[in-house]
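>>> Dropping the sequence and predicted coords here.
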Amino acid sequence: MEMEMPEPVIRLKKPQTTQWSEDICGVHTDFAVTTFAKSLHVIVTQNKRIATTVHASIDDSEAGNLIFSSKILFGDREKGYNEVYGRAVIQMVSKLGVSSVILGLQVPEGPEIFHAVLGSLKERLC
C-alpha cells in the first residue's frame with residue numbers, strides 16, 4: 001500500500017542569480033547576486049576568487065531606526081574595510097525587505113573602488 005505525500009502548503013521560489021561584469025577603476029570586476037526569501041548572497045571579485053566572506057544583517061530596530069551589524073566570517077580580519085562593505089550593502093538592500101547578506105569580496109581598498117562597487121550594486125538591485 002503506497003502512501004501519498006500531501007502537497008506542500010508553501011511553495012518556495014528557486015533562488016535567482018544575476019551576474020554582470022564591468023570595469024571598476026580600470027579593472028575587470030565580476031558581480032553575482034543570488035536572491036533568497038529575505039537574504040542575498042553577493043560576490044564581487046576582480047580576480048575570480050573570494051578572499052573574504054562577510055555576514056551583514058539587521059540586528060534590531062529601535063524607535064524606527066534599524067541597527068546593522070557586519071562580521072567577517074573568513075579572511076583577513078585586519079582589513080576593516082570589508083566590514084564597511086557589508087554594512088553598506090545591508091543598509092542599501094534593507095529597503096527592499098532583505099534582512100541579511102553574505103558577501104564574498106576580492107577588491108582592493110580605496111574610496112573610489114568602494115563607491116564604484118556600491119554604485120554598480122545599487123543600479124542593479126535597487
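Yep, that arrived.
>>> Show me the helices in the protein, by range?
81-93, 111-125 (DSSP state H).
>>> any idea which of these is most buried?
helix 81-93 (a mean of 21; mean count of other CB atoms under 10 Å). All C-beta atoms are positioned from the backbone trio N, CA, C, and that covers glycine.
>>> Give the other helices and strands that that one contacts.
The contact analysis (3 or more CB pairs under 8 Å, 6 or more residues apart in numbering; DSSP states H and E) places helix 81-93 against strand 39-45, strand 52-62, strand 65-74, strand 100-106, helix 111-125.
>>> Those into JSON lines, with extra columns for distance to I90 and mean pLDDT?
Output for the helices and strands packed on helix 81-93, formatted as JSON lines (distance: least, CB to CB, whole Å; pLDDT from 0 to 100):
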{"stretch": "strand 39-45", "distance to I90": "9", "mean pLDDT": "96"}
{"stretch": "strand 52-62", "distance to I90": "4", "mean pLDDT": "89"}
{"stretch": "strand 65-74", "distance to I90": "5", "mean pLDDT": "92"}
{"stretch": "strand 100-106", "distance to I90": "5", "mean pLDDT": "96"}
{"stretch": "helix 111-125", "distance to I90": "11", "mean pLDDT": "96"}
